[in-house]
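In: Attaching a predicted model along with its sequence, questions to come.
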Amino acid sequence: MHFKHPEILYFLFLLIVPVLVHLFQLRRFKKEYFTNVRFLKALSIQTRKSSKIKKWLLLGCRLLLLTCIILAFAQPFFESKDSKNANNELYIILDNSFSMQAKGKKGELLKRAIQELLEETPENVNFSLITNSENYWNTDIKTIRSTLQNLKYSATPFQLDNIMAKIKAHKSAFKKDIVVITDAVGLDQKQLKNSDATDSPLFIIPKAEQKNNVSIDSVFISKTVENFYEISVQISGYGDDFNPIPISLYNENKLIAKTIVTLDSKKKTLNFTIPKQAFHGYFSIVDNGLAYDNTLYFSISKTKKTNIISIGEPAKSNFLSRIYTSKEFNFNNYTLSALDYNKLEEQDAIVLNELDEIPQALATTLKSFVEKGGNVILIPSAISSSTNMNSFVSIFGNLRFNSLENREKMITKINFNHPIFNNVFENKVTNFQYPKTKSSFTLTSSSPAALSYEDQSVFLTSIANSVSAVAIFAAPINIENSNFQQSPLIVPTFYKMAMNYQNNGVNALIIGNNTPHLTEASLNKDAILTVKGLNQEFIPIQQILNNKVKMTFDDYPEQAGNFSIYNKKKWIENISFNYNRTESDLAKANQSIFSDYKKIESIQSFFDTLQTDRSDNQIWKWFVIFALLFILTEMAIIRFVK
């Protein structure tokens, strides 16, 4: 047994006081004889004997009473079995990612977890609460009650290792108790291993009852005709046995089209036809799964002509004029000697078409052009020196021209995931009319090939930065050296290389991906563009690039939706933001990875365990009760003992 205030035990010396009083009251009686009272002698002896017993009982009660009072004030206790961790700091990690929208036995997982925290967390317990996007250090449940009740779902995926790093960086002299409340969607073994072994977390894993979910993944323009766009929307189903799903298309909140989709496969693509004009709307579905991925916002800008210059001999550039038609492009061809360098900054794409030599002045200008968002297409000349071409391409990235090989090779492989061919083909084509080249350079590149020869060597690749790309061919494609100009691949290849990163397609950015966006705007040095939505407004990171502005959005906006870009009060263009679909598959919740970690059922059981294992057994109340009992005993002795 231990005492909280052991110094009070010195008052036990006061027990000598009632003993002295008792001894004083037990002094010997002096005998006095009276006449004719002999018959009282026996009664006197008996009365004196009874009185002595009563006084001894009263003495014992008073000693025990005083002892109990002193011990009660000293506050005795029995030490808890886990007393060494009684001063640990408590950290609660609450996963508020979108997968926590899933419904469990008692409703949405996040809302149920918040309710349990509000109901079961003792008011006298200090803790720190860390969510996917917010940190609340050294608080208590009364202070944070309103914040918890208004906690929103976060577009930031749950990354346990990042959160544990924050806790570790929060220096403290005490050990840490860490409780993690998560559905474990997207959590892997690597994140768990990065947790500090000395602060091994406890896990509460709420389980979703309904794991079926349907998500709208992407939207793109699949076909462009005279006055219409054919847009395709891709829907994914996670789970089994889906009911028919209604899907609607809105433009500026006006219903444009509606249909029913039956998910007979994991992925489904639907096509809609809309007028060829600016569009600012969204697709929407209704399902019983997660809500965050049921809407996909997108914008289509008003069609603008793309400015393209080809530098090379006119005879070799005729095929480009047939691809870059006047309806969509402002195309011009110049020889190197007639080139006006001042016009280069006004272009969206520049084609270097079989130049025998690339001057240093042109290379320097094109380097600045690419950094500011322009695309460059390089078609080598058979008589170009590899030294000159390597000097040029080295300013853009890791690529090298090797020797020219004079042997015929077939172009047989298309990389459908490459940005040049992404969303170009509805199906992966494996059996097409293979183009060929008679002579070609061997390319060494760290970038993936868009088109490859039959021997797996590179025919076409690109070096990309955040806003533009430099596409590079391994061989001349004039009709004397290649039949690539007659291949069906020629049109989509050159079209996408020129339009890469241009805003004439669908605009649907992902929040948190940090994909730069180029907006055509001529700003003064101190001017700033603002992005405005229905309920949100923010200023992105921006960089002025001649007649364009490069914007980076980081983790903004906080909510998905349709927005507009303004220069003060002047509207520039529309833009759309969506949540990343990384949380859509609820089957990613892997329970087996927690086999080496301690799991608990609920917040209530956690605090009950803390109370049992770490709270000292206070017994001073028992001594107060005993003191009251001894008072009652003393009163009974005085009243009833004669």
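Out: All right, it came through fine.
In: So Tyr272 belongs to a strand, correct?
Out: Tyr isn't right for residue 272; it's Phe. Yes - the assignment for Phe272 by DSSP: H, G, I helix; E, B strand; the rest coil puts it in a strand.
In: for the record, mean pLDDT for the helix ranked longest in the chain?
Out: Longest helix in the chain, counting residues (DSSP state H): helix 41-74. Taken as a whole, helix 41-74 carries a mean pLDDT of 74.
In: what ranges do the helices span in the stretch 51-200 of the chain?
Out: Remark: helices assigned in the stretch 51-200 of the chain by DSSP state H, counting those that start in this stretch are 109-120, 141-149, 160-169, 189-193.
In: for the second one, which positions count as buried?
Out: Buried positions in helix 141-149, judged by neighbour count with 16 or more other Cβ atoms under 10 Å: Ile141, Ile144, Arg145, Leu148. C-beta here means a position set from N, CA and C on the backbone, and glycine is covered the same way.
In: how far away is the second one from Thr156?
Out: Separation of Ile144 from Thr156 (Cβ to Cβ, to the nearest Å): 19 Å.
In: for the nearest residue to Asp356 once chain neighbours are set aside, what are its contacts?
Out: Setting aside the residues directly before and after it, Asp356 is nearest to Ser381 in space (Cβ to Cβ, 6 or more residues apart in numbering), at 5.1 Å. The contact partners of Ser381, taken as Cβ atoms under 8 Å, 6 or more residues apart in numbering, are Glu354, Leu355, Asp356, Pro476.
In: What about the third one, how many residues nearby?
Out: Meaning Asp356. One way to gauge burial is a neighbour count; for Asp356, by other Cβ atoms under 10 Å, it gives 14.
In: for the second one, same thing?
Out: One way to gauge burial is a neighbour count; for Leu355, by other Cβ under 10 Å, it gives 21.
In: Now render the contacts of Ser381 as CSV, adding secondary structure, distance to Leu339 and pLDDT.
Out: Below are those laid out as CSV (DSSP: H, G, I helix; E, B strand; the rest coil; distance: Cβ to Cβ, whole Å; pLDDT from 0 to 100):
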residue, secondary structure, distance to Leu339, pLDDT
Glu354, coil, 15, 92
Leu355, coil, 10, 92
Asp356, coil, 14, 90
Pro476, coil, 20, 93
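In: from the residues you listed, which single one is nearest Asp241?
Out: Distances from the contacts of Ser381 to Asp241 were compared by Cβ to Cβ; the smallest belongs to Pro476, at 56.2 Å.
In: was I right about that closest one contacting Phe484?
Out: No - under the criterion of Cβ atoms under 8 Å, Pro476 lies out of contact with Phe484, with a separation of 9.5 Å.
In: which residues do the two both contact?
Out: Shared between the contact lists of Pro476 and Phe484 (criterion: Cβ under 8 Å, 6+ apart) are residues Thr437.
In: does Ala450 count as helix, strand or coil?
Out: strand.
In: Number of residues surrounding it?
Out: Other residues lying near Ala450 total 26 when counted by other Cβ under 10 Å.
In: Leu460 versus that one, what's the distance?
Out: For Ala450 relative to Leu460 (Cβ to Cβ), the value is 5 Å.
In: Touching both of those two, which residues are there?
Out: In the contact map built from Cβ under 8 Å, 6+ apart, the residues linked to both Ala450 and Leu460 are Ile420, Ala471, Thr493.
In: Show me what the helix or strand hosting Ser576 pairs with in its sheet, parallel or antiparallel.
Out: Taking DSSP states H and E as the criterion, the element that holds Ser576 is strand 570-578. Counting by DSSP bridges, the strands paired with strand 570-578 are strand 509-510 (parallel), strand 561-567 (antiparallel).
In: Nearest to Pro244 among these would be which one?
Out: strand 561-567 (27.2 Å).
In: who touches that closest one?
Out: Against strand 561-567 from outside (Cβ under 8 Å, 6+ apart): 280-282, 297, 299, 519, 521, 523, 527, 529-534, 536, 551, 557, 571-577.
In: Can you get me a residue count around the residue nearest to Phe73 when sequence neighbours are not counted?
Out: Distances taken as Cβ to Cβ, 6+ apart place Ile8 nearest to Phe73, at 4.9 Å, with adjacent residues excluded. When counting by other Cβ under 10 Å, one arrives at 16 neighbours for Ile8.
In: Identify the residues contacting Ile8.
Out: With contacts taken as Cβ under 8 Å, 6+ apart, Ile8 has the following neighbours: Ile70, Phe73, Ala74.
In: Write a ChimeraX command that selects only the buried members of those.
Out: Selecting just the buried residues from the contacts of Ile8 in ChimeraX takes one command, with 16+ other Cβ under 10 Å as the test:
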select :70,73,74
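In: Put together CSV for the contacts of Ile8, with distance to Ser51 on each row.
Out: Supplementary listing: the contacts of Ile8 in CSV, determined by distance: Cβ to Cβ, whole Å:
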residue, distance to Ser51
Ile70, 29
Phe73, 33
Ala74, 35
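In: out of the contacts of Ile8, who's nearest Val370?
Out: Ala74 (81.3 Å).
In: Surely that closest one is in contact with Thr67?
Out: No - between Ala74 and Thr67 there is no contact under Cβ under 8 Å: 10.6 Å.
In: so how far is Ser468 from Cys68?
Out: Noted for Cys68: a distance of 86 Å to Ser468, by Cβ to Cβ.
In: Asn212: which of the buried residues of helix 141-149 is nearest?
Out: Ranking the buried residues of helix 141-149 by separation from Asn212, with Cβ to Cβ as the measure, puts Leu148 on top at 29.0 Å.
In: gap between Gly312 and Asp348?
Out: Using Cβ to Cβ, we find Gly312 at a distance of 18 Å from Asp348.
In: Which one of the two is surrounded by more residues?
Out: For Gly312 versus Asp348, the count of surrounding residues by other Cβ under 10 Å is larger for Asp348: 25 against 21.
In: contacting residues around that one?
Out: The contact partners of Asp348, taken as Cβ under 8 Å, 6+ apart, are Thr306, Asn307, Ile308, Gly374, Asn375, Ala498, Gln502.
In: now swap in Ser445 and tell me
Out: Here Ser445 is in contact with Asn398, Leu399, Arg400, Val458, Thr461, Ile463, Ile472 (criterion: Cβ under 8 Å, 6+ apart).
In: Of those residues, which belong to helices?
Out: Here DSSP H is the test, and the contacts of Ser445 give no hits in helices at all.
In: okay, the residues you listed in CSV with distance to His170, pLDDT and neighbour count next?
Out: Supplementary listing: those in CSV, determined by distance: Cβ to Cβ, whole Å; pLDDT from 0 to 100; neighbours: other Cβ atoms under 10 Å:
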residue, distance to His170, pLDDT, neighbour count
Asn398, 41, 89, 11
Leu399, 46, 91, 22
Arg400, 48, 91, 15
Val458, 50, 92, 22
Thr461, 46, 92, 25
Ile463, 42, 90, 21
Ile472, 49, 93, 29
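In: just those residues now: which is nearest Val179?
Out: Closest approach to Val179 among the contacts of Ser445 (Cβ to Cβ): Asn398, at 46.9 Å.
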